[in-house]
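> pasted the sequence and its predicted model underneath.
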Amino acid sequence: MSYLFFFLPPERQIAVGICSMAKKSKSKPMKEILERLSMFKYITVIIFEEDVILNEPVENWPLCDCLISFHSKGFPLDKAVAYAKLRNPFIINDLNMQYHIQDRREVYGILKAEGILLPRYAVLNRDPNNPQGKKIMTNILTTDVSVSTGEKPVSVFDHPHSKYIFHNVQSEPPGSIGSRSSVYSPESSVRKTGSYIYEEFMPTDGTDVKVYTVGPDYAHAEARKSPALDGKVERDSEGKEVRYPVILNAREKLIAWKVCLAFKQTVCGFDLLRANGQSYVCDVNGFSFVKNSMKYYDDCAKILGNIIMRELAPQFQIPWSIPLEAEDIPIVPTTSGTMMELRCVIAVIRHGDRTPKQKMKMEVKHQKFFDLFEKCDGYKSGKLKLKKPKQLQEVLDIARQLLVELGQNNDSEIEESKAKLEQLKTVLEMYGHFSGINRKVQLTYLPHGCPKTSKFSGPQSVFPSLLLVLKWGGELTPAGRVQAEELGRAFRCMYPGGQGDYAGFPGCGLLRLHSTYRHDLKIYASDEGRVQMTAAAFAKGLLALEGELTPILVQMVKSANMNGLLDSDSDSLSSCQHRVKARLHEILQRDREFTADDYDKLTPSGSISLIKSMQVIKNPVKTCDKVYSLIQSLTSQIRQRMEDPKSADIQLYHSETLELMLRRWAKLEKDFKTKNGRYDISKIPDIYDCIKYDVQHNGSLKLENTMELYRLSKALADIVIPQEYGISKAEKLEIAKGYCTPLVRKIRSDLQRTQDDDTVNKLHPLYSRGVMSPERHVRTRLYFTSESHVHSLLSTLRYGALCDESKDEQWKRAMDYLNVVNELNYMTQIVIMLYEDPNKELSSEERFHVELHFSPGAKGCEEDKNLPAGYGYRPASREKTSHRNDSDEEAHASRRDETDRSVVMFKPMVSDPIHIHRKSPLPRSRKIGSVEVRSHCAGLFSTSVLGGSSSAPNLQDYARTHRKKLTSSGFIDDTTRGSAVKRFSISFARHPTNGTLNPVLSLEISFLFYFSLGFELYSMVPSICPLETLHNSLSLKQVDEFLASVAAPSRESLQETCTDFLCNYIHFKLLNI
């Protein structure tokens, strides 16, 4: 028997040469990039050894088809230029331009020619062969000799010899050498030898921005703390400067585009200074690395690989199709079966898990409080918030002074309660100093003192007073940070497109959009600390950021000067809210079982969740008796634990002690039942708040009857909390308008501006020829706020006549679902998504398509299984899908084929929750090879999970490529794949109408149980309920008209506002007579 063998020629490889000094070519960032670049099937990387570069003639250098070469100190650039002339490889970073980059005079000249803003500067040119000879001074800086300047050598390699000359400025110079900033020199004279640039010192906002381009259409930006603040450079454990994320505006994106092309450096870094509302380039570095960013390494390698393949694959007849990926339009199939482009995502999100809020109210009449109120301009609005350390110190000083006077003189005329003053003093003295954003004092002007309807006893005064409200607690917990960050990661998956492998799961489409100037993102947060930190944690997960939350908050979250957009004064109630609360308290104070009349009065809207809660309660007074008894039992148990020597040093969740725990429960026990034996219904939310926190986070104490207290207080809270925002539909809508009218107006503006296609934060199409359809971008607006705004916005959507339930079956199903939701928990989301069909006429109502989604946020305790089930995220319309004719199917299939190359198709689906179950320490990040894995990354890409019908082929390829690498590291194998130790298992749901498997919006995230790395005791991070679609076929015109009608001021609200203003103004004038 004979055999015939066919030998196929080996596939042609493209050799990519890396020619640089060893310190650069073997650095960690370069290794990360080259490892990813080597994953291209037809690319082989060759690193030129430093000894060869320095000592061998260029004829002996390795052969390559593409050359990546860049200068640094000691690098023979002349030899690299000679090699390029000899071998003629494809050049990534132009070599001749690198001569110019080494001379700051040339750099500034090129920047100036491109119209890029520079700090004011002057150049002192000296002939290097005759240091004492002729001096030529060009581009005179100023005639004012008192200006503060920096003296920089013209050569970029002489950075350590930079000197800064300051006149009448109390500041340190910018720039860094080692772990300190450049040396401050008291001399103000010009050096006698060498050529220098004298550059005006520009005070910035405390950060210097570093920008890294990879081609003209991609930029990664981050900031460092400016050394000008304290003369020091912040460095991490590896000695690298600590960097923070930055969002570039449209002007800065254009600068990045220009710098990349002007200097002909595909990979190019440069420095930006933000000052006086402008952005200035102060340095261009050429080939520069981003440190410690997996996202950048992925992006850089992928873009470079595509550039190389696009240029050389046709030349070498390599079968390679050009991927569109980052440049492609974010097209998704709508529920009506057509392909539309995602244009805008608006989300209103409640903050994450927090410590219990605590509050104390007191009426104050002492002149010292009025003086403080006037000093801080409280009379302008009649309200005042004090949060700054200096302000809180003044309140503490007043409390201390009044307590001293009360102690010295029993006949003192001080009217303030001694007990309240002592509590005010105690809370303000907590932690030993004022820091962070966890305490605040609110003062409200009361023209006639506290009203009779309030809980303050005694006849109503004819004299004015101030209502002082002290708030503390309510800090975002570690669990809350996890919730926000993981939700941010899952949120990426709403953005289609992008085939990258960063972090090994879908959602990289958003990251690509963001770095290729296609994403216009703004994040807003109210002034509460827990809300701001939630926004920062969400941003960290959404954009794959690294580092601490505080700098992310400073750089990316807008929370100042928003004119009440997301803030509300919950202690200053409208007349409608007063009426609602009075009626609610009246019904819940009756010692009898709920009657049919009570059901009609409390649930006129027929809310199923309210009816179920009333059925649990039966008799509200008897239930309050049980709750009060359980609180007494709880405080007794805590006291017993405190007396037990074994429990003396026990540390509860989030550094709380048994003493602090007892203090908050003892205060509730005291405040809940008043002296006359009646219950203060307003304390029910606080009781539920505390028991929910202890059940979730302090379960290790194993206190008795906590679940019974949780069950009863939740039933009461499920009535009190939503009904405080209105009982009837008219009341709910009126109160909602009082809270969220500014937000509704802003949402309407966001949708309109998307339609108008403004250019605030996106690169102008004229300068983005490398991007297909560059004028197309995705606008994202994220609003983080508190429970009041979420309740109010949802009430607005439900009762503001957006749709007619009797005529719209989908809206009726949505209202039925919302009637079952009993709590808007932490991380509740209301999401509006705007799509555009460019094939429709601009004037057509079908041009823009709006979808409305909702999630009630985090689930309750593990025992709470009565969660409502919705109809899923973007469920398909059976009617529309079943009645399409064959031609529609063919057209749809053709269009789909065009987009399948670069877009992960997100078809209608039923979603799963974001599971974040954890009763273990928070895991820390680890890195395996080129993939970031967080210590619990098993079953990351099971091909059996992905399945053959998956629309994410990149993930299947990734699974095959990386399975061996991950398994060999001990993290993925058959024994662990089925266990609950996975970080992301990409859930797939079988759609009831089409039977296909699809990746869902929400990622199922389970935390590893056995990695114990420094978390506080044992706690649980509740799962987050999935997004449910409320409506998926609204027109933009319909939504716009609805928002306009809701935001229009009513006659009653205008009248009330004018009355309040006049009253405050009159009383202010009377006080100053």
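Received the coordinates, thanks.

> from now on I want contacts and neighbour counts done on CA atoms only, so please keep to that.
Will do.

> can you give me the strands for the stretch 201-350 of the chain?
Shown for the stretch 201-350 of the chain, the strands assigned by DSSP state E, counting those that start in this stretch span residues 207-214, 219-225, 243-245, 267-275, 278-286, 331-333, 339-350.

> list the buried residues in stretch 275-290.
The neighbour-count check on stretch 275-290 (16 or more other C-alpha atoms under 10 Å) flags 279-290 as buried.

> actually stretch 13-31, not the one I typed
14-21, 24-25, 29-30.

> just the ones of those residues in helices?
By the criterion of DSSP state H, membership of the buried residues of stretch 13-31 in helices covers 24-25, 29-30.

> between these, which is nearest Ser806?
Distances from Ser806 to these, taken as C-alpha to C-alpha, are shortest for Pro29 (60.7 Å).

> surely Leu743 is in a helix?
Yes: under DSSP: H, G, I helix; E, B strand; the rest coil, Leu743 falls within a helix.

> once you drop chain neighbours, what's closest to it?
Leu565 (5.3 Å; C-alpha to C-alpha, 6 or more residues apart in numbering).

> over to Leu118?
Tyr280 (5.0 Å).

> please, where are all the helices along the stretch 401-550 of the chain?
418-428, 478-491, 508-515, 529-542, 549-556 (DSSP state H, counting those that start in this stretch).

> need the next SSE after the last one, C-terminal direction.
Proceeding N to C from helix 549-556, the next assigned helix or strand is strand 557-558, under DSSP states H and E.

> the residue nearest to Leu118 pairs with what?
Leu273 (DSSP bridges).

> now do it, the pLDDT please.
If you check Tyr280, the pLDDT there is 92.

> hang on, it packs against Pro119?
Yes: in this structure, Tyr280 is within contact of Pro119 by C-alpha atoms under 8 Å, at 6.4 Å.

> sorry, back to before: Ala275: which of the buried residues of stretch 13-31 is nearest?
Using C-alpha to C-alpha, those come closest to Ala275 at Pro29, 30.5 Å.

> tell me if I'm right that the closest one and Lys291 touch.
Yes: using C-alpha under 8 Å, Pro29 makes contact with Lys291 at a distance of 6.2 Å.

> picking that back up, so which of the helices of the stretch 401-550 of the chain gets nearest Val850?
It's helix 478-491; of the helices of the stretch 401-550 of the chain, that one is closest to Val850 (C-alpha to C-alpha) at 17.8 Å.

> for that closest one, name the packing helices and strands.
helix 529-542 (3 or more C-alpha pairs under 8 Å, 6 or more residues apart in numbering; DSSP states H and E).

> list the contacts of the helix it packs on.
350-352, 354, 436-438, 474-476, 480-482, 484-492, 523-526, 545-546, 549-550, 552-553, 556-557, 559, 784-786 (C-alpha atoms under 8 Å, 6 or more residues apart in numbering).

> can you give me the strands for the stretch 501-650 of the chain?
Under DSSP E, counting those that start in this stretch, the stretch 501-650 of the chain gives strands at 519-525, 557-558.

> adding mean neighbour count, distance to His578 and mean pLDDT as columns, could you present the ones you listed in JSON lines?
Formatted as JSON lines, the strands of the stretch 501-650 of the chain follow (neighbours: other C-alpha atoms under 10 Å; distance: least, C-alpha to C-alpha, whole Å; pLDDT from 0 to 100):
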{"stretch": "strand 519-525", "mean neighbour count": "22", "distance to His578": "28", "mean pLDDT": "89"}
{"stretch": "strand 557-558", "mean neighbour count": "20", "distance to His578": "32", "mean pLDDT": "88"}
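
> thinking again about what came up before, and which of the ones in helices among the buried residues of stretch 13-31 is nearest to Lys812?
Pro29 (54.7 Å).

> and the gap between the closest one and Ser293?
As for Pro29, its distance to Ser293 is 9 Å (criterion: C-alpha to C-alpha, to the nearest Å).

> same question, Lys440
The value you get for Lys440 to Ser293, if C-alpha to C-alpha is used, is 37 Å.

> neighbour-wise, which of these two wins?
Lys440 (20 against 16; other C-alpha atoms under 10 Å).
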